[in-house]
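Novice: Return atomic coordinates for the entry below.
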Amino acid sequence: KAFGFASPPAPFLFIAASFSLLISNMSSEKVQCCPPDRIPALDVPKDYKKAGSEIKLGGLTAYVSGEAKKGAIIVVHDILGPRTGRHFGVCDTFAAAGYYTIMPMIFEKGVTMGEIGKDPMYNLMKKHPVDDIKTKIGLVLDHLAEKKIASSATGIVGFCWGSWCVWQTSANFGSKIGSGACFHPAIIEGLFGGKIDDLADKIQNPLLVAPCKGDPAELQVGGSVSKILAKKSFGKDMEYVDCSHLFHGFVTQGDTSDKEMAASVNKALGSAISFFGKTLKA
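Specialist: Model prediction:
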């Protein structure tokens, strides 16, 4: 029985159903980091030999690779964490293209695939709000300044959750970078009470944006973000790569033993290297 009735009355059922739908919507709008059909986590290839090494910036661990022949690239890892997938390989790819590449480990351990879309994922993101990102990216920018790498020659690229860090860096440290790139972006601004479009309006640098299948509509080619950024002074330098046929996470977690995946990953990283070549100035 419910509230003394053998079965709940129709009005109660309607209210209960509406409330359930509301809670469901609140949960889904709680902020999507990864679509449910994202690329699964990939173990770091056992035979991969890293070209770089790890350093400490205060209490922050960072992986560094390459020399600043053309400038520097900051790599921000995805929600699965820096020690998963192809993160080290991505860094080394930018290093091989002539950039001093640095990946700050904003958090050492990311979430598991079973935690995607659940409380552990949201709790991890909440542990790293804007102030934490500003502090850690600030340490990286100070490090690059000490190495006398020009701000105009410094780019930043993020994957999944790391794309939100790219946007926050541009919004808060726009004068200290030249441009940024975002692959399968997860702009989790709503988790902290903000809106994607409002953060887009604060961006100060040209971006390459590469949304995938299942990523938010605002971020897709022709979405609201593209319209906001097109009006900026750097609008003509914006680039969009349509990856709507690919699954979220493919650049950092895609298994490149598959020829089609390898081609997609190489094309994506090639587009970023080309973009930085056009928008960064030593």
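Novice: ranges for the strands of the chain?
Specialist: The residue ranges that make up the strands of the chain, judged by DSSP state E, are 53-57, 60-65, 71-76, 99-104, 154-159, 179-183, 207-210, 212-213, 239-240, 243-247.
Novice: Which parts of the stretch 1-150 of the chain are helices?
Specialist: Using DSSP state H, counting those that start in this stretch, the helices assigned to the stretch 1-150 of the chain run over residues 10-29, 87-96, 119-126, 130-146.
Novice: Low-confidence bits of this structure, can you list those?
Specialist: 1-30 (pLDDT under 70).
Novice: hmm, try it at 90
Specialist: Across the chain, the ranges flagged by pLDDT under 90 are 1-32, 36, 43-47, 282.
Novice: what's the burial count for the residue nearest to Ser271 when sequence neighbours are not counted?
Specialist: Among residues not flanking Ser271 along the chain, Val241 sits closest, at 5.3 Å (C-beta to C-beta, 6 or more residues apart in numbering). (Glycine included, C-beta is placed from N, CA and C.) A count of neighbours around Val241, defined by other C-beta atoms under 10 Å, yields 20.
Novice: residues in contact with Val241?
Specialist: By C-beta atoms under 8 Å, 6 or more residues apart in numbering, the contact list for Val241 reads 208-210, 268, 271.
Novice: and with 10 Å instead?
Specialist: With contacts defined as C-beta atoms under 10 Å, 6 or more residues apart in numbering, Val241 is in contact with 181-183, 208-212, 221, 267-268, 271-272, 275.
Novice: For ChimeraX, write the selection for the buried entries among these.
Specialist: Under the burial definition 16 or more other C-beta atoms under 10 Å, those of the contacts of Val241 that qualify are selected in ChimeraX by:
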select :181,182,183,208,209,210,211,212,268,271,272,275
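Novice: Please render the contacts of Val241 as JSON lines that adds distance to Leu124 to the earlier fields.
Specialist: Conversion of the contacts of Val241 to JSON lines gives the following (distance: C-beta to C-beta, whole Å):
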{"residue": "Ala181", "distance to Leu124": "23"}
{"residue": "Cys182", "distance to Leu124": "20"}
{"residue": "Phe183", "distance to Leu124": "20"}
{"residue": "Leu208", "distance to Leu124": "26"}
{"residue": "Val209", "distance to Leu124": "24"}
{"residue": "Ala210", "distance to Leu124": "24"}
{"residue": "Pro211", "distance to Leu124": "22"}
{"residue": "Cys212", "distance to Leu124": "21"}
{"residue": "Val221", "distance to Leu124": "29"}
{"residue": "Lys267", "distance to Leu124": "30"}
{"residue": "Ala268", "distance to Leu124": "25"}
{"residue": "Ser271", "distance to Leu124": "29"}
{"residue": "Ala272", "distance to Leu124": "26"}
{"residue": "Phe275", "distance to Leu124": "29"}
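Novice: Neighbours of the nearest residue to Ala268 once chain neighbours are set aside, how many?
Specialist: Nearest in space to Ala268, with sequence neighbours left out and distances taken as C-beta to C-beta, 6+ apart, is Val251 at 5.0 Å. Val251 is flanked by 29 other residues according to other C-beta under 10 Å.
Novice: I figured Val251 hits His77, correct?
Specialist: No. Because the distance of 11.2 Å does not satisfy C-beta atoms under 10 Å, Val251 is recorded as not touching His77.
Novice: which residues do those two both contact?
Specialist: Each of 85, 87, 90, 159-160 lies in contact with both Val251 and His77 under the rule C-beta under 10 Å, 6+ apart.
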